[in-house]
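Asker: take this sequence and fold it.
(3 chains)
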Amino acid sequence: MEVFISQIFTGLSIASILLLVALGLAIIYGSMGVINLAHGEFVMLGAYATWFLQQYAGIGLIPSLVLVFLMVGSIGWVIERGIVRHLYHRPLDTILATWGIGIMLQQLVRLTAGAELRYVELPESLSRSVDLLGINFSVYRLFILLVTGLLILLTWLLLMRTEYGTKLRAITQNREMAECSGIDSQRIFGLTFAFGAGLAGVAGSLVAPIKSVSPDMGTHYVVDAFMVVVLGGVGSVAGTAAASGILGEVTAGMAYLLNDTLAKVIVFIAVVMLIRFRPQGLFSQLVRK
Amino acid sequence: MMNSKSLRTLIGYTIFSAAVLLLPLLIDDAYTLNKFSRYLILGLATLGLSLAWGYTGILNLGHAAFFGLGAYCMAMYLKLQTVPVHTGTGGLPDFMVWNNVEQLPWFWEPFHWSYLAITAGIGIPVLLAVMLGWFVFRARIAGVFVAIITLAMLVIINLLLIDQQRYTGGFNGITDLAWLTIGGIEFDPYSKTFYYLSAGSLVVCLLGTGIFTHTKAGLILQAIRNDPDRVRFLGYDVSAYQILAFALSAGIAGLAGMLYAMVLEFASPTFVGVSLSLSMVIWCAVGGRGSLLAATLGAILVNAAQGSLSENFLETWQLILGGFFVLIVLFLPKGLISIGELIRWRRKRTDRVQVQVLSSTKRARGIS
Amino acid sequence: MAINRRSFLKGAAGAAAAVGFPHIWVKDLGQAYASGGEIKVGVLYSLTGTTAVVEKSLHNATLMAIEEINAQGGINGMKITPIVEDPASDPATFSDKARKLVMGDRCVSVFGSYTSASRKAVLPVFEKRRNLYWYPTLYEGRECSKNVIYTGATPNQQQKDFIPWLTENFGKRFFLVGSNYIYPKEENNVCKILLEQLGGEVVGEEYVPLGHSEFSSVLNKIRDTKPDVIFSTVVGDSVIALHRQYKSAGFDPEKMPMASLTTSEVEIAAMGGEYGAGHFTSAPYFMVHESPENEKFVESYKRLYGADSVTHFVSEPAYFQVHLFKQAVAKLAASDISPENIRDAVQGEELMAPQGLVGIDGENLHTNLWPKIAVCQSNGQFKVIKQSAERVRPLPYWAYQGQSCTASGLKGA
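Answerer: Presented below is the predicted three-dimensional model:
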């Protein structure tokens, strides 16, 4: 029983990290149709930004989250303005361009911050574990769960309850009509890309303390995050959350019963099956194409 | 039916084939020749990709899976040729002995025979492509979803190859291979014989696919790329044609993979890696996805550039390469081959504006 | 000059002969390797890609040794010229670059590789082109090439003292966790043989994909089985994730330490000392080792590459193997310098390395080393708690009875 509960928790914990990474990707893909293969690199930049702030400005993990969001977000904005916006009418080409951007970002970081692995210090209060009902929980993993929950809530509010969100949804549903009614789609897309990049940055700073920080850390995340987005369905925050939950729990369960490699294989086969029989994803919003 | 475009294509094919076949007359050192063999083999793999992507509009991010399966088939055969030299006991490949395997697994048995191995090297990728194609295209899955499914397939095969170390050599792959000998001819990867094998395969496949794209079936493929629904309305079985192109593309990749295992003298799970697979897509885009020859040239050029760049700019070559890709995608969406077109376009600026107006009205009407 | 028909035909026939016969491919093998007062060597460590983190330090240590030798006047008056390539952590690129160094640049030796996969990828080039590869990494053994000098530890050198010491101090129930490839599996084979002799028990065995960073499920299994020791052969950045998640899962190194063959100062520096503290590593070299040679090595390294840079049990062999190369070449006349003569000259050669007096085995081309057991401390450095009383011979086929690597190749296979 204890094992069962701690495996469920493990699954949730994996899911929360997946969700953190996938959320930004889902928003960018869902609203703009851009397949951002540099998303993993935004995660990496977030981790490095956290390390940098801690190392040279002495700013701890929690206060740095906001700064990292702004830093990576502005990098995302520059990339959108400079490159991605030229490709909206050729969505498949965004795969190629963003892959090139990813390579460049990796190498830039390697040249400036060094090829060494870096690490991010955890606040003392978070680095412990607590016993609840006789089961051991890592405080930091609980913290990640909490932050993920908050970010989901914030994102949902932003999309559903603000003017920006309304405009973005309008553009997503019908860009030409939205433009005709005076919405500046260019500006909204720039902000959206920045927002998605910023979320990836926050994901990076949150995983940095339990994983390692290296220039190529992002490549591990991007494929998994894509599976989440596709599984969840385009343009649905709730779908993305549910999909990460499912993938996290299945991965954790299979990893416990079999091993980590086979767990991944099974999850990928399941995703392929799902796309085949339900390409719109588990929870898709109605979108007029 | 020979218009000026077909004529230009024909001239291009002829020049390229002649250049590739005559190259050994100019180069007489084993290293350079070996290097060029490798480039041509990667060009061959990219040719296959361009048939599926550029011609039929199937963006296959898992092309390296077909390539890698071909490589493993060849490596399995060549590995068994080294038995018993590199084994511990019982006529088993060395890595199996290390993993405490006691008997050669049944699916290794056919790889004692070169003809079966070569058939498998092309046949298994084709079979996989037909199955996957049937699974995907019958359901009218298209665009991004095809990209994601093929990517997932690639990752699955890669993980299985690494995980099933007992039978596949795991992360290290299959190493210590013999040289292929068929009919008394030994294909030493540093020799002209081997160069001609790679160059010959490339030229035959290039001409073969070139002719194929000019047949009726080839034209239907291009029509599918442009608008699958209209082709369907005209009564064609779109998915059958897609499967055909996908299978051909996989077969060519399998052939390239077999040659690749021979030239590098090992097979590794990185041949089935995401990074190689995406690289192939990039090579194709750099050369020009819409032309078989351009895609092939793209692969050769990028690899040659990568080789010499990394020698001179150790720390920054990836930066340069990444930037180069981004620029190509932004400004030359049809690849380097379209530089000429771009210049002609500039001259006929008025035409270009008209085209833009047309395409934006089309977009506004939701047609494109 | 007028060309008459006869001379044209003769020329054409000559050209055809040159093209048609294979002897042309080996024509330059007779050419001397050392010419113009320089000796060309290849340096083949990844500067980009996944293993660049460690390989960059090997690259640095190698170049430092070459500079030292050149500053002291080179080898018999000849300078060593390093030709640096970046194989980008990709086996195919390794193979390609090895060809370039061996055949294109005609290097007399190449120093390189961290992973077994990359060594396996370049092996055919060195064996078929009869060149010499210097491999500094500890590895799984079971290789007996006559074209590789192995200066890292073999399983017997790392484990023979380590496992008995662990069972005495912590207990006999081991949980084995490793990355999913040949090195961890082979080390675990050896570990299981040793445990069986000692009456120990393996309570679990787990392999995670390379680059894996999610150890929750593995840690849950460990929590279930309650072993005395976690024997880890996890490599690369997974090591950092494992240690960090071990601590946040609330485990205590006092009761259930991780015993590793792969955790060095590099990984500790990347995870932070407090995560490594209390865990054990067995290796022939640690940065804190006290010897005049090591002081000099660490000091020069820090001067060149920064005060916070670390040396470790792979960068040390990467460093001393260049000096061994120098000793071997110095024994040869300039006209005799060739890969195979260097290999013959280096057998039995000894050198005061930072870790102690090391020597190349005359039989199997591996290296006689000084295994040590150390515990990690919270300042990120190790404390050596046990050093082997005598130098330990490398036995690449230790776990396989009846097999041994001899001067004439593998015996008993």
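
Asker: average pLDDT for stretch A:240-252, rounded please.
Answerer: Average pLDDT, stretch A:240-252: 91.

Asker: near chain B at all, that stretch?
Answerer: No: shown here: stretch A:240-252 not in contact with chain B (C-beta under 8 Å from any C-beta of the partner chain), separated by at least 12.4 Å. C-betas here are computed from N, CA, C, even on glycine.

Asker: show residues contacting that stretch.
Answerer: Contact with stretch A:240-252 is made by A:7-8, A:10-16, A:18-19, A:22-23, A:26, A:152, A:224, A:227-229, A:231-233, A:263-264, A:266-267, A:270-271, A:281-283, C:216-217, as judged by C-beta atoms under 8 Å, 6 or more residues apart in numbering or on different chains.

Asker: can you check stretch B:137-153 too?
Answerer: Under C-beta under 8 Å, 6+ apart, the answer for stretch B:137-153 is A:35, A:91-92, A:95, A:223, A:226-227, A:230, A:268-269, A:271-272, A:275-277, A:279, B:57-63, B:65, B:132, B:136, B:228, B:238-239, B:242-243, B:246, B:274, B:277.

Asker: so how far does it reach from one end to the other?
Answerer: 15 Å (C-alpha to C-alpha, to the nearest Å).

Asker: one more: stretch B:100-107?
Answerer: 17 Å.

Asker: pull out the buried positions in it.
Answerer: B:Val101, B:Leu104 (16 or more other C-beta atoms under 10 Å in any protein chain shown).

Asker: touching, A:Gly281 and A:Ala238? I think so.
Answerer: No: the pair A:Gly281 / A:Ala238 is not scored as a contact, 11.1 Å apart, by C-beta atoms under 8 Å.

Asker: which of those two has more neighbours?
Answerer: Neighbour count, other C-beta atoms under 10 Å in any protein chain shown: between A:Gly281 and A:Ala238, A:Gly281 has more, with 24 against 14.

Asker: and the contacts of stretch A:240-252 near chain B, which?
Answerer: Answer for these near chain B (C-beta under 8 Å from any C-beta): A:Met227, A:Lys264, A:Val271.

Asker: my read is that the last one contacts A:Val230, right?
Answerer: Yes: under the criterion of C-beta under 8 Å, A:Val271 lies in contact with A:Val230, with a separation of 6.8 Å.

Asker: looking at those two now, which is surrounded by more residues?
Answerer: Ranked by neighbour count (other C-beta under 10 Å), A:Val271 and A:Val230 place A:Val230 first, with 27 against 24.

Asker: just say helix, strand or coil for the closest residue to that one other than its chain neighbours.
Answerer: In space, and not counting its chain neighbours, A:Val230 is closest to B:Ile148: 5.3 Å by C-beta to C-beta, 6 or more residues apart in numbering or on different chains. With DSSP: H, G, I helix; E, B strand; the rest coil as the basis, B:Ile148 sits in helix.

Asker: in the chain, which spans are helices?
Answerer: Since no chain was named, I'll use chain A. A:2-32, A:39-56, A:61-82, A:91-113, A:139-161, A:163-173, A:175-180, A:185-207, A:219-232, A:237-257, A:260-277 (DSSP state H).

Asker: let me rephrase: I mean chain C.
Answerer: So, for chain C - with DSSP H - the helices run C:5-20, C:52-71, C:91-99, C:116-128, C:155-159, C:162-169, C:182-198, C:216-225, C:238-248, C:265-271, C:273-276, C:292-305, C:315-330, C:339-346.

Asker: quick one: residues contacting the residue lying closest to B:Gln222 once chain neighbours are set aside.
Answerer: Of all residues not flanking B:Gln222 in the chain, B:Tyr55 sits nearest, at 5.8 Å (C-beta to C-beta, 6+ apart). Taking C-beta under 8 Å, 6+ apart as the criterion, B:Tyr55 is in contact with B:Thr213, B:Gly218, B:Leu221, B:Gln222, B:Arg225, B:Ala245, B:Gly290, B:Leu292.

Asker: which stretch of helix or strand covers the fourth one?
Answerer: Take DSSP states H and E as the rule and B:Gln222 turns out to sit in helix B:216-226.

Asker: that helix packs against which elements?
Answerer: Packing partners of helix B:216-226 (3 or more C-beta pairs under 8 Å, 6 or more residues apart in numbering or on different chains; DSSP states H and E): helix B:192-214, helix B:228-233, helix B:238-264.

Asker: please see if the helix or strand hosting B:Leu309 touches chain A.
Answerer: Per DSSP H and E: B:Leu309 is located in helix B:292-312. No: applying C-beta under 8 Å from any C-beta, one finds helix B:292-312 separated from chain A by no less than 11.8 Å.

Asker: and B:Gly208, how many residues sit next to it?
Answerer: Other residues close to B:Gly208 by other C-beta under 10 Å number 13.

Asker: I'd like the distance between it and chain A.
Answerer: Distance, B:Gly208 to chain A, using C-beta to the nearest C-beta, to the nearest Å: 27 Å.

Asker: show the model's pLDDT score for that residue.
Answerer: For B:Gly208, the model assigns a pLDDT of 95.

Asker: need phi/psi at the residue most central in space within chain B.
Answerer: In chain B, the C-alpha nearest the mean C-alpha coordinate belongs to B:Ala45, at 2.0 Å (C-alpha atoms, centre = their mean). For B:Ala45, the backbone dihedrals are phi -60, psi -40 (criterion: degrees, to the nearest 10).

Asker: chain C contacts on the stretch 1-150 of chain B?
Answerer: B:24-25, B:28-32, B:34-35, B:38, B:87-89, B:95, B:98-99.

Asker: looking at those, which is nearest chain A?
Answerer: B:Asn99 (15.4 Å; C-beta to the nearest C-beta).

Asker: per-residue confidence for that closest one?
Answerer: Reported pLDDT for B:Asn99: 79.

Asker: again, but for A:Ile188
Answerer: The predicted local confidence for A:Ile188 is 92.

Asker: just B:Leu61 next, same as before
Answerer: 92.

Asker: check C:Ala2 too.
Answerer: 43.

Asker: likewise B:Leu221?
Answerer: At B:Leu221, pLDDT is 92.

Asker: so what's the residue count around the residue nearest to B:Leu104 when sequence neighbours are not counted?
Answerer: Among residues not flanking B:Leu104 along the chain, B:Leu92 sits closest, at 5.9 Å (C-beta to C-beta, 6+ apart). Using other C-beta under 10 Å, B:Leu92 has 22 other residues around it.

Asker: so C:Tyr139 sits against C:Thr151, correct?
Answerer: No: with contacts counted by C-beta under 8 Å, C:Tyr139 stays clear of C:Thr151, the gap being 10.5 Å.

Asker: the two: who's more crowded?
Answerer: When C:Tyr139 and C:Thr151 are compared for neighbours, C:Thr151 comes out ahead with 29 against 24, by other C-beta under 10 Å.

Asker: any idea how far the more buried one is from C:Gln355?
Answerer: 11 Å (C-beta to C-beta, to the nearest Å).

Asker: how close does the residue of chain A most remote from its centre get to chain B?
Answerer: Taking C-alpha atoms, centre = their mean, the residue of chain A most remote from its mean C-alpha position is A:Gly134, at 32.6 Å. Distance from A:Gly134 to chain B, counting by C-beta to the nearest C-beta: 35 Å.

Asker: tell me how many other residues crowd the spatially closest residue to that residue that is not a sequence neighbour.
Answerer: With C-beta to C-beta, 6+ apart as the measure, A:Glu2 is the residue that lies nearest to A:Gly134, at 6.5 Å, once sequence neighbours are left out. A:Glu2 has 13 neighbours, counted by other C-beta under 10 Å.

Asker: likewise A:Ile135?
Answerer: 15.

Asker: just B:Gly184 next, same as before
Answerer: 5.

Asker: can you report phi and psi for it?
Answerer: Dihedral angles (degrees, to the nearest 10) for B:Gly184: phi 80, psi 0.

Asker: list the contacts of it.
Answerer: Applying C-beta under 8 Å, 6+ apart, no residues contact B:Gly184.
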